[in-house]
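K.L.:
Have a look at this prediction, sequence included:
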Amino acid sequence: MPQQDIFPTLTDKELLTLCIYGEARGEPPVGKLAVAHVILNRAANPCWWGDSVKSVILKHRQFSCFNEDDVNRSAMLLMAKTGMYDPACLAVALLAIEGHTTDPTKGATHYHAIGIAPAWSAKMKRTAKINRHVFYQEGE
């Protein structure tokens, strides 16, 4: 199976774990949880992102860790192939996907790392700053 085809075969839980790893592995648990909730918030309000965790995560160029040129991709592929997921990211993913957590982002559907200012952020309402990420929702 080509490498690029493995991600669509994974479950929501596996993809959420990988996305948390790729986007927030260096964050404290609340930072990991915040990334998980952005994905859950998008799936709950499909708009143009998709109506499931899988479709939201795999939407083209939405989460940089899934981009072909991202440095995290090879580690994520290895985890997916072996089933050996990062325990901290897996724990957060399970708790979030099973509804056992509160959203620390206050409904955010977007985020970026501190130190950058994407053009889209000027049109958004900032909802939280958690460690090294800033979170937003649509509307000013």
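P.N.:
Everything's here; your move.
K.L.:
remind me which residues of the chain are low pLDDT?
P.N.:
1-4, 140 (pLDDT under 70).
K.L.:
which residues of it fall in strands?
P.N.:
Taking DSSP state E as the test, the strands found in the chain are 110-113, 124-130, 133-138.
K.L.:
can you list these in JSON lines and add mean neighbour count and distance to Lys32?
P.N.:
Bear in mind the C-beta positions are built from the backbone N, C-alpha and C, glycine included. Shown next, in JSON lines, are those (neighbours: other Cβ atoms under 10 Å; distance: least, Cβ to Cβ, whole Å):
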{"stretch": "strand 110-113", "mean neighbour count": "19", "distance to Lys32": "12"}
{"stretch": "strand 124-130", "mean neighbour count": "17", "distance to Lys32": "10"}
{"stretch": "strand 133-138", "mean neighbour count": "20", "distance to Lys32": "10"}
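K.L.:
Compare these and report which one is nearest to Leu10.
P.N.:
Leu10 lies closest, by Cβ to Cβ, to one member of those: strand 110-113, at 22.1 Å.
K.L.:
The strands of the chain: which one's closest to Gly50?
P.N.:
When the strands of the chain are ranked by proximity to Gly50, the top entry is strand 110-113, at 14.7 Å, counting by Cβ to Cβ.
K.L.:
strands paired with that closest one, and their directions?
P.N.:
Each strand paired with strand 110-113, and its direction, by DSSP bridges: strand 133-138 (antiparallel).
K.L.:
how far off strand 124-130 does the partner strand point, in degrees?
P.N.:
Going by axes from the mean of the first three to the mean of the last three Cα atoms, to 10 degrees, strand 133-138 is angled at 150 degrees with respect to strand 124-130.
K.L.:
Pull strand 133-138 out as PDB, backbone CA atoms only.
P.N.:
What follows is strand 133-138, C-alpha atoms only, in PDB (Å, rounded to 0.1, in the frame of the first residue of the first chain):
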ATOM      1  CA  HIS A 133      -1.100  28.200  20.100                       C
ATOM      2  CA  VAL A 134      -3.700  30.800  19.600                       C
ATOM      3  CA  PHE A 135      -7.300  29.700  18.900                       C
ATOM      4  CA  TYR A 136     -10.100  31.300  16.900                       C
ATOM      5  CA  GLN A 137     -13.700  30.900  15.800                       C
ATOM      6  CA  GLU A 138     -15.400  32.500  12.800                       C
END
